[in-house]
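[1] Predicted model and sequence follow; I will ask about them next.
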Amino acid sequence: MADNSDHPCVGEASIRLFVEAPLVAGQGIACTPAQGNYLGNVMRLKPGDAVLLFNGVDGEWLARVAELKKGRGVLAPERRARAQTGGPDIHYLFAPLKKARLDYMVQKATEMGASVLQPVMTRRTNAERVNAQRMRANAVEAAEQCGVLRLPEIREPAKLAAVLKDWDAARALVFADEAAPFASPLDGLAAIPKGPAALLIGPEGGFDPAEREALLRLPFVHAVSLGPRIMRADTAAVAALALMNAVLGDWR
């Protein structure tokens, strides 16, 4: 969990919840059953206790527990504690992994500020199914724990060829490639024009040679090395997103 010691509402509230409803002062918001159970039975909150709410649009709000009984609750927003912020315009495309590692990858991509999560089916993809609802739950959990205000858009799985066919050429597409022309990932990313960007991480076995050739033929695609060591796909995601934030994103 992130260190929120400098948060303007620490001392009043440390629990953050994502809600679907608009955040308006005095307009009560019903808890989901899971939220009601968490607040009442796990955290032992009582009416009058403070929580922080965000919905990805209206910023972060200080709210009070108005009602809480038998897993049901109502939260009353009082005032906005933080204005809504955006984040880097970076889409993250990935060959799906199996359960626990996919959960981890979604959480870390959310923490890194990815604006879109797009599962991409490649010839060597191992996971046959992707649970979008589970992905969203992991994104929400990561955002709640780490002070993130924006949730990524989670898209349905699509085949790599279809994604490339419909690609907006104004968005640079970076993919991790051991044979990239720049040995340094920083040098490779620095050569890409600033603007909308996306990152593509392939499956555990790497891209099929035909897929790699198809990628390299496209003018908006940029191959970037991730250094001298071979990484697992979930590790590569964190490393590459950090590099992209530093060079093309909002860490500059």
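    Great, that's in hand.
[2] got the contact list for the host helix or strand of Thr235?
    Using DSSP states H and E, Thr235 maps to helix 233-247. Residues outside helix 233-247 that contact it (CB atoms under 8 Å, 6 or more residues apart in numbering) are 88, 90, 92, 94-95, 97, 101-102, 104-105, 108-109, 112-114, 174, 176, 185-186, 189-190, 192, 197, 199, 201-204, 224, 226-227, 231, 251-252. To be clear about C-beta, it is placed using only N, CA and C from the backbone, and glycine gets the same treatment.
[3] 7 Å - rerun?
    Applying CB atoms under 7 Å, 6 or more residues apart in numbering, the contact partners of helix 233-247 are 88, 90, 92, 94-95, 97, 101, 104-105, 108-109, 112-114, 174, 176, 185-186, 189-190, 197, 199, 201, 203-204, 226, 231, 251.
[4] swap in stretch 153-173?
    93, 96, 115-122, 130, 132, 135-136, 139, 192-193, 195-198, 200, 211, 214, 218-222.
[5] quick one, what contacts the closest residue in space to Leu151 that isn't next to it in sequence?
    Closest residue in space to Leu151, ignoring its immediate chain neighbours: Gly56 at 4.7 Å, by CB to CB, 6 or more residues apart in numbering. By CB under 7 Å, 6+ apart, the residues touching Gly56 are 149-151.
[6] and what of Glu204?
    When contacts are counted by CB under 7 Å, 6+ apart, Glu204 touches 126, 233.
[7] Checking my notes, it in a helix, right?
    No: per DSSP: H, G, I helix; E, B strand; the rest coil, Glu204 lies outside any helix segment and is coil.
[8] and the gap between it and Phe94?
    Computed as CB to CB, to the nearest Å, the Glu204 to Phe94 distance reads 11 Å.
[9] ok, now Ala239?
    Noted for Ala239: a distance of 13 Å to Phe94, by CB to CB.
[10] The two - which one has more neighbours?
    Phe94 (26 against 16; other CB atoms under 10 Å).
[11] Just read off the phi/psi values of the more buried one.
    Note on Phe94: its backbone torsions stand at phi -150, psi 150 [degrees, to the nearest 10].
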